[in-house]
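Enquirer: Attaching a predicted model along with its sequence, questions to come.
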Amino acid sequence: MHSTPHAPPPDQGSTPSPTVILFDGVCNVCSGFVQFVIRRDPGARFQFGALQSDEGKRLLSAMQQQSRVETMVLVEDGRVYTRSAAALRIARGLRFPWPLAYALIAVPPVLRDLVYDFFARHRYQWFGRSDRCLVPTPDMQHRFIH
């Protein structure tokens, strides 16, 4: 799977679509990452959804994303970003100092994605997995897609 953006679907109106992070809902490190982002996104720019959820599957389908995605996807401005490109674009949207990490976009994607893929391959071994997807608290429910 490539980390370059995919073409947007045909225009379906003028309502701007939210910036959504789809994550592996049973991955402990992924759920921790969602909480990390929420704490550093006071403007609530990002919304979230589990890849395993019906909403996550519908969004990927609507974005014409056919490849099997296992870790994280960023849907931003009608484009789909995966792997290191998604992580760096998310960092760019957080409060200081995290946008500084976006400078790593200058590293060739093949090298960035090697590191990303290595971590992704070992995430369950190092951090474990949950029996069920992350359930948002009532005060965070509005940050999750439905």
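Expert: It's in. Numbering: from 1, shown residues only.
Enquirer: and the helix or strand of the chain with the lowest mean pLDDT, which residues are buried?
Expert: For the chain, the helix or strand with the lowest mean confidence is helix 54-62, at a mean of 83 (criterion: mean pLDDT, DSSP states H and E). For helix 54-62, a neighbour-count test (16 or more other CB atoms under 10 Å) marks 56, 59-60 as buried. Every residue, glycine included, has its C-beta placed from N, CA and C.
Enquirer: does residue 75 really touch residue 23, like I thought?
Expert: No: Residue 75 lies out of contact with residue 23 (CB atoms under 8 Å); the separation is 11.8 Å.
Enquirer: quick one on the thing from earlier: ok, and what's touching the least confident helix or strand of the chain?
Expert: Outside of helix 54-62, the residues within contact range by CB atoms under 8 Å, 6 or more residues apart in numbering are 9, 20, 22, 49-51, 69, 73, 75, 80, 145-146.
Enquirer: Can you add neighbour count and give these back as JSON lines?
Expert: Below are the contacts of helix 54-62 laid out as JSON lines (neighbours: other CB atoms under 10 Å):
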{"residue": "9", "neighbour count": "15"}
{"residue": "20", "neighbour count": "21"}
{"residue": "22", "neighbour count": "30"}
{"residue": "49", "neighbour count": "26"}
{"residue": "50", "neighbour count": "24"}
{"residue": "51", "neighbour count": "22"}
{"residue": "69", "neighbour count": "19"}
{"residue": "73", "neighbour count": "25"}
{"residue": "75", "neighbour count": "26"}
{"residue": "80", "neighbour count": "26"}
{"residue": "145", "neighbour count": "17"}
{"residue": "146", "neighbour count": "9"}
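Enquirer: Max pairwise distance over those residues: which two?
Expert: The distance between the two most remote of these (CB to CB) is 21.3 Å, for 9 and 50.
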